[in-house]
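J.: structure for the following, please:
(one chain, ligands or ions: 1)
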Amino acid sequence: MRLRKLPVMNGIIINFARLTRIGVCAGALLMLAGSVAAETMTAGSLQVSNPWARATPKGATVGAGYLSITNKGRELDRLIGGSAEPASRFEVHVTVMEDGVAKMRQVTGLEIKPGETVELKPGGMHVMFMGLKQPLAQGQRVKGTLVFEKAGAVAVEFVVQGVGAPAGGDGHKGH
Ligand SMILES: [Cu+2]
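T.: Presented below is the predicted three-dimensional model:
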């Protein structure tokens, strides 16, 4: 009886060990993400934090970028545009639900109210790199600019993370 049970127990132990190893990997990735998150650029009273982009599959002509913007001043500012080196066009998008389907809309002036932090993240607002000349590869840094109505142009670098990085239904399939 004991001998028969042993392989099962071994199986459980092996599985458990595997789970633990995955746990450690995830932890390391989180630490990595944490160090990336420390990147903050300042323009006037605006703080731009943690710009990142998702890696794109071969042949893709569009990509998405994410970041957060904090307005530490007393006046409203707007994100009115920008650029990214590998893209021919740069747009700011919001994701809206229409009849239960996520759709993206371009916005021409994304408001950042005084004291507010606006987060561009998967599933919500994002910047869109249109007309990519080459795919965005994990680990790559994409040079770009963000243009604000009052704060002007700010140089940023989008850190490209894996295709599977923070999941979220972007609704990018429609592009
Ligand atoms: Cu978009």
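J.: wait, what's in contact with residue 125?
T.: In this structure, residue 125 makes contact with 92-95, 107, 110, 118-119, judged by C-beta atoms under 8 Å, 6 or more residues apart in numbering. Glycine gets a C-beta too; all of them are placed from N, C-alpha and C.
J.: residue 101: which of those residues is nearest?
T.: Using C-beta to C-beta, residue 95 comes nearest to residue 101 of these, at 10.5 Å.
J.: picking that back up, list, out of the contacts of residue 125, those positioned next to the ion.
T.: Filtering those for proximity to the ion by C-beta under 5 Å from the ion leaves residue 93.
J.: turn the contacts of residue 125 into JSON lines, including secondary structure and pLDDT.
T.: JSON lines is the format used below for these (DSSP: H, G, I helix; E, B strand; the rest coil; pLDDT from 0 to 100):
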{"residue": "92", "secondary structure": "strand", "pLDDT": "97"}
{"residue": "93", "secondary structure": "strand", "pLDDT": "96"}
{"residue": "94", "secondary structure": "strand", "pLDDT": "94"}
{"residue": "95", "secondary structure": "strand", "pLDDT": "92"}
{"residue": "107", "secondary structure": "strand", "pLDDT": "94"}
{"residue": "110", "secondary structure": "strand", "pLDDT": "96"}
{"residue": "118", "secondary structure": "strand", "pLDDT": "97"}
{"residue": "119", "secondary structure": "strand", "pLDDT": "97"}
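J.: now the contacts of residue 125 in JSON lines, with neighbour count and distance to residue 67?
T.: Converted to JSON lines, the contacts of residue 125 look like this (neighbours: other C-beta atoms under 10 Å; distance: C-beta to C-beta, whole Å):
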{"residue": "92", "neighbour count": "22", "distance to residue 67": "11"}
{"residue": "93", "neighbour count": "22", "distance to residue 67": "13"}
{"residue": "94", "neighbour count": "14", "distance to residue 67": "15"}
{"residue": "95", "neighbour count": "18", "distance to residue 67": "16"}
{"residue": "107", "neighbour count": "15", "distance to residue 67": "15"}
{"residue": "110", "neighbour count": "20", "distance to residue 67": "11"}
{"residue": "118", "neighbour count": "16", "distance to residue 67": "9"}
{"residue": "119", "neighbour count": "13", "distance to residue 67": "8"}
